[in-house]
Structure formats: C-alpha cells, structure tokens
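Colleague: Curious how this folds, go ahead:
(one chain, ligands or ions: 3)
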Amino acid sequence: MGLLIKGGELVTAESRSRGDIFIENETITGIGNNFHAPPGTEVIDATGKLVFPGFIDPHVHIHLPFMATFAKDTHATASKAALIGGTTTFIEMCCPSRNEDALEGYHTWKQKAEGNSACDYAFHMAVTRYDARTEAQLREIVRDGTASFKVFLAYKNFFGVTDEELFHMLKLAAELGVITTAHCENAELVAQLQQLLLAAGKTGPEWHEPSRPESVEAEGTGRFATFLEQTGAAGYVVHLSCAPALRAAVEAKLRGVKLYVESVLPHFLLDKSYAERAGVEGMKHIMSPPLRDKRNLPILWGALQAGLIDTVGTDHCPFDTEQKLLGRNNFTQIPNGIPGIEDRVNLMYTYGVKRGSLDIHRFVDALSTRPARLFGLFPRKGTIAVGADADLVVYDTDYRGTISAATQHINNDYNGFEGFAIEGRPSHVIVRGKVQVRDGAFVGQPGQGQMIRRDPGYAPQSDAHQAAHQGLIHAS
Ligand code: URP
Ligand code: ZN
Ligand code: ZN
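Modeller: Ligands and ions are numbered 1, 2, ... in the order given. Model (predicted):
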C-alpha cells in the first residue's frame, strides 16, 4: 500500500513549492502535482502545512555512563520524543571511558539501540584512548559502517585524550577518510581552575562557567584546528558556545582547514543567568561548554544564518533533579548535560524562522541537510527527492503551545526550556514510509528504527599528499 502526502508546501534546503509526495514501501517514488493515487493508498492531507525532510540530530547522548551516574533516557524514550519533535534520525555518541575497550563499548552501544529505537540512528565512535589495539578496533568499527569519530579535549582522565593521542588518531582518521567530531575545551586549564575556585569556597553552580571560560574553549577549538591542519584530517567542532571559539574556527576555515561547526539548541536560547539561579534550578542548566554571557547569542544566530555555524544539534543529555543534586556541595560533581531532542525543531523554528533570525532554507539545511551531507547520510536522508528514504515531517505552523516537563516524552523530571512558547509543531512524522506520529501523537512502535551504515566521505590522505600540503615537498 502506498502513502500520498497531498497538497503541502515542500521546503528543502534549496527550494519551496506546493506539491504531492508519493511513497511506496520505504522510498519516495514520485513528487508532483495532482497525483492520482492507486486504490488502497493512504492519503495525508497536508494542505496549509509545510513538509520538511526528516530532521537529523547530529549530537545526542542516550546510553551514557558519566560523572558517577547514567543519562536518563533509553532508546525507546528518546526516539519517541525525537519523533514527536520531528527528528527522524539521530547520531549518538558511543562513549566508552578511557579504561574500557573500544570495541566492547561499540557492541554495548549497538545492543542498547538495536530493536529499541523508533527512529533511525547512527553512531559517532568516541576515541578515549589511542594505542595499537584501539587503532585496529577503529578500523573494524569503520568497516561496520560507523564512519565518524568523536574526541574529547576536555574531561581529563575520563574521556579526554592527550595531544599525542589526538595526533595519531587524526592521522588514522585522515588515512581512512573519516571525519572527527571534537569537544574543544582545554582539560588541564579546566581542572586547575576548578581547584582554585573550590579552594576559595566557590562551590555553587554559578562557578561552573568561570571554571571553563570562553578563552579555554577558544584554545581548544584553535588547537583542534591546528591538529587538523597538520594531519590533513577533516573535523567538526561540537557544541560551540561563544564568539572567541567561533573566531578560532572561522580563522581555521579561512586557512583552508577542513573544519565544520556545530552549535546546540541551549546556546541559541539560554544564557549563563540560568545556571546562576539558586540551588538545583541552577544545576539543571549545567552543561559543558557552559551557558555563556548573553552577548554571545546574537553572534551565534548571525553565524548560523551566514553558514559559519554549519549545523544545530542538541547534545541531548538528560539528568534528573536527584542526579543534578550529586553536585549540591561541589559544582564539579553536577552531572553535565541538559535534554533537547524533543524541542530542537520547534524552538529553532519559533525563535529562528518565525522571529526572522533564520531563513527557512538555512533552517532545513542546518537541522537536516548539512548533518546528512557531513556524516554520509545524504542523499538517502536530508532531502525530499525521488529515491530518498521517505523520512518526512508535515509541519503545522498554526499550532501554539508551551514547552513543559508535564507534557514532554523524554525520561526526565524537568525541561531546561520550561515555559518557552512554540509556534508550530509536527503534525505527522514519517520514517522510511511508516507514519510514526499522527496529529502530534506517537503512533509508531519502538524498535522500527534501523542503524544507518555509512561510508567514509573524506578523501583518504596519503603521506606524500600530506607532506605536499604542508609545504614539505612539492607535488609533481
Ligand atoms: O554537558 C554536556 N555537554 N554533557 C554531555 C557530554 C558532552 O560533553 O557532550
Ligand atoms: Zn561535549
Ligand atoms: Zn555531547
């Protein structure tokens, strides 16, 4: 039986036009006007609504052992929330700690997701230690279809790698043609500043930001870019939060470094005053890099519109109130992270597109097409085209609502965006031809999501090519 989405305004990263989309099985097989559907076809009337390609969240944490606890969501809860919010594919950070075996970790993460996710998914493989055994395992993981790495320059002794490890893993990434995503903060400076603040009796959540100031993130971003430049690898800065780090990234882009930039939902809408609230209210807004001074917000919006910030993810990472209180006497023990997977599309649409800060095509590009292109999912995902997966969001721009923990679907007892108004939401969400959300309600089944295997998309670099790039020898 086919599915016809009729009469909507089809909006992609490049175009906007009224039309019908015909779907057979998992794939878009026709786009046009006044389609005559064969008998038995299910019809969704999209008149007066926008139709977007399924949105892709390039940065989420679902299974995450971190800071003496675990992030709250399961693949069932997070994927259901993702779909209700219009996200049809997410890329999860697979994060074994430094003391764990990379391949064992990879299998654990895959097992957690398999048969439990209602939307499609892929992984970024975190490299939290680099040695000969890990190198061999990473080659195997890339062959399995996980064609992107993750590296932490922060979180000393847990996820963080040394500069020596960073260099060698980026050489491998360049050889394999794999892009490396990076959390860019200087781990040593954070550790030292934390100790100074605690020694001065500064223990509350308001001291989290001063322990990881903007310059510490700018240093990490610049250093990552320099390592990319010297290894020829392609890189992607995750959750960039402030103007100095943006400047470091843009300078590297101008030098020709293959560097892409992600910012995440909280950094566009919240500032550090949220983390300065008394007690647990402040703790709820602790994440790294931290929420920043509000002067950064218009700069990030401008950079997003200009395409200097490539993508918008969430860094979805829910910890509940009880978990946040682990840091009641010491801000360094507050689990870092806030949720967002359910709210990214509606909030970016409302405060970006509707408020005039973000062109609607750039919105689709940053939240769907560019993540798909950067991470090897395009053209299967990230666009509306014949032959693409039928991942579609029918969007009701007349909807009015308010973000609230009372009505959310993620597994958490608060929402960092509580009380934010939204002006639009998905009415229908389709994943590979299956209607998973109808009239805003989840109607799908957990476990229908598939792991999407990806090929490396960045030209492998030979040593000779690399030396020529660095000016050490002349290419003939
Ligand atoms: O505070 C954050 N961002 N928590 C999740 C882990 C990470 O650094 O991405
Ligand atoms: Zn991070
Ligand atoms: Zn993260």
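Colleague: show me what contacts T128?
Modeller: By Cβ atoms under 8 Å, 6 or more residues apart in numbering, the contact list for T128 reads C95, P96, S97, R98, E100, A102, F152, F158, F159, G160, V161. For every residue, glycine as well, the C-beta is placed using N, CA and C.
Colleague: Give me the buried entries from those.
Modeller: Using 16 or more other Cβ atoms under 10 Å as the burial test, the contacts of T128 include C95, P96, R98, A102, F152, F158, F159, G160, V161 as buried.
Colleague: still on that earlier bit, out of the contacts of T128, flag the one nearest to ligand 1.
Modeller: F152 (6.8 Å; Cβ to the nearest ligand atom).
Colleague: Could you report the pLDDT at the nearest residue to G444 once chain neighbours are set aside?
Modeller: Of all residues not flanking G444 in the chain, Q436 sits nearest, at 3.3 Å (Cβ to Cβ, 6 or more residues apart in numbering). According to the predicted model, the pLDDT of Q436 comes to 98.
Colleague: Tell me the pLDDT of D57.
Modeller: At D57, the model reports a pLDDT of 99.
Colleague: nope, N34 is what I meant
Modeller: The confidence metric pLDDT takes the value 89 at N34.
Colleague: dump the residue contacts of the residue lying closest to it once chain neighbours are set aside.
Modeller: Among residues not flanking N34 along the chain, D20 sits closest, at 7.1 Å (Cβ to Cβ, 6+ apart). When contacts are counted by Cβ under 8 Å, 6+ apart, D20 touches L4, I5, K6, G7, G8, G30, I31, G32, N33, N34, F35.
Colleague: Neighbouring strands - and their directions - for the helix or strand where the fifth one lies?
Modeller: G8 belongs to strand 3-11 when assigned by DSSP states H and E. Under the criterion DSSP bridges, strand 3-11 sits next to strand 16-24 (antiparallel), strand 42-45 (parallel), strand 50-53 (parallel) in its sheet.
Colleague: Let me know which of those strands is the nearest to ligand 1.
Modeller: Across those, ligand 1 has its closest neighbour in strand 50-53 (25.6 Å, Cβ to the nearest ligand atom).
Colleague: How about residues contacting the helix or strand just after that closest one?
Modeller: Using DSSP H and E, the helix or strand that follows strand 50-53 towards the C-terminus is strand 55-60. With contacts defined as Cβ under 8 Å, 6+ apart, strand 55-60 is touched by 78, 82, 86-93, 124, 181, 238-239, 262, 264, 311, 313-317, 341, 344-345, 367-368, 371-372, 374-375, 377, 381-382, 393.
Colleague: Off-centre distance for the very next helix or strand once past strand 55-60?
Modeller: Past strand 55-60, further along toward the C-terminus, the next helix or strand under DSSP H and E is strand 65-66. With Cα atoms, centre = their mean, to the nearest Å as the basis, the distance from the averaged C-alpha position of strand 65-66 to the chain average is 18 Å.
Colleague: what comes into contact with strand 65-66?
Modeller: Counting by Cβ under 8 Å, 6+ apart, the neighbours of strand 65-66 from elsewhere in the structure are C95, S97, C317, P335, N336, G337.
Colleague: can you count the residues close to the residue nearest to G444?
Modeller: A count of neighbours around Q436, defined by other Cβ atoms under 10 Å, yields 26.
Colleague: who does the one helix or strand it maps to touch, helix- and strand-wise?
Modeller: Secondary structure assigned from DSSP H and E places Q436 in strand 434-438. Secondary structure elements in contact with strand 434-438, counted by 3 or more Cβ pairs under 8 Å, 6 or more residues apart in numbering; DSSP states H and E, are helix 75-84, strand 425-431.
Colleague: Just send these back as TSV, with distance to Q450 and mean neighbour count too.
Modeller: What follows is the helices and strands packed on strand 434-438, written out as TSV (distance: least, Cβ to Cβ, whole Å; neighbours: other Cβ atoms under 10 Å):
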stretch	distance to Q450	mean neighbour count
helix 75-84	11	27
strand 425-431	9	26
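Colleague: Let me have those in CSV, extended by mean pLDDT and distance to ligand 1.
Modeller: Putting those into CSV (pLDDT from 0 to 100; distance: least, Cβ to the nearest ligand atom, whole Å) gives the following:
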stretch, mean pLDDT, distance to ligand 1
helix 75-84, 98, 14
strand 425-431, 98, 25
